[in-house]
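Visitor: structure for the following, please:
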Amino acid sequence: MGVLIRRAATLTMLAGLWLASHAAELPSEDGLRVAMRATLMDGSRFDIDDHHGKPVLVMIWATWCPTCLAELPVLDRYYRANGSGKVDFVALGLDRDRDKIAAFLKETPLSFPVAWRAAPDEVDNLQRLVVTPVFYLVGKDGRIVWRKVGGIASLLK
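Guide: Presented below is the predicted three-dimensional model:
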C-alpha cells in the first residue's frame, strides 16, 4: 500500500510540475471580469462585487499542497501588515472535504477570508485548474490583471 501511495504522490507532483511549466500555454484570463460569490468558512458571505474600487488577491490552494501550506502564513503576515488598506485577499480551498480546510484553519488561523471552492453555493468563473497554488490579482474594476501558478511569497517584501 505504501508503494502505491508514494507512486501516486510522485505522479501528482510530476503532473503539477508539468502544468506549472506549461501555465503560459493555458488560455489567458487577462481582462476577464471575475464573478465570485461564496459562503466563507466562518459562515459570512463573500461577493467580489463588494470589493470594486480595491484590488483583490485570489489564492486557489489545497491542504495537500506543500507550497500552499508554506505560502499561507507568509500571505497572512503580509495581509496583517498591509492588507485591507491596500488590497483585499480571499483564499479558495480546493479540498473535496470541507473538514480538512476547517482543521487547517484551526491550526493555522488566517486573517483574510477563506472559502471552500467545492461548496454548493460557491460560484466563480475562474479556470478549474488542479495545480496549486494559483494566484489571481483582480483589479479595481473587477478584471484579472495578473495570474501566477506557483508561490508568490518571495514577491511580498
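Visitor: hey, let's count contacts and neighbours off CA atoms from now on
Guide: Noted.
Visitor: give me the buried positions along stretch 146-157.
Guide: Neighbour-count burial for stretch 146-157, counted by 16 or more other Cα atoms under 10 Å, picks out 147-152.
Visitor: in the sheet, who's paired with residue 116?
Guide: Here residue 116 sits in beta bridges with residue 93, going by DSSP bridges.
Visitor: from what I can see it touches residue 37, true?
Guide: No - counting by Cα atoms under 8 Å, residue 116 stays clear of residue 37, with 11.0 Å between them.
Visitor: between those two, who's got more neighbours?
Guide: residue 116 (26 against 19; other Cα atoms under 10 Å).
Visitor: let me know the pLDDT of the more buried one.
Guide: Looking at residue 116, its pLDDT is 94.
Visitor: common neighbours of residue 116 and residue 37, please.
Guide: residue 122 (Cα atoms under 8 Å, 6 or more residues apart in numbering).
Visitor: picking up where we left off before, closest to residue 81 out of the buried residues of stretch 146-157?
Guide: Of all those, residue 81 sits closest to residue 152, with 16.4 Å by Cα to Cα.
Visitor: between the buried residues of stretch 146-157, which is nearest residue 67?
Guide: residue 151 (6.5 Å).
Visitor: distance check, the closest one against residue 47.
Guide: Applying Cα to Cα, to the nearest Å, the value for residue 151 to residue 47 is 25 Å.
Visitor: which one is residue 95 nearest to, not counting chain neighbours?
Guide: Excluding its sequence neighbours, the residue lying closest to residue 95 (Cα to Cα, 6 or more residues apart in numbering) is residue 62, at 5.6 Å.
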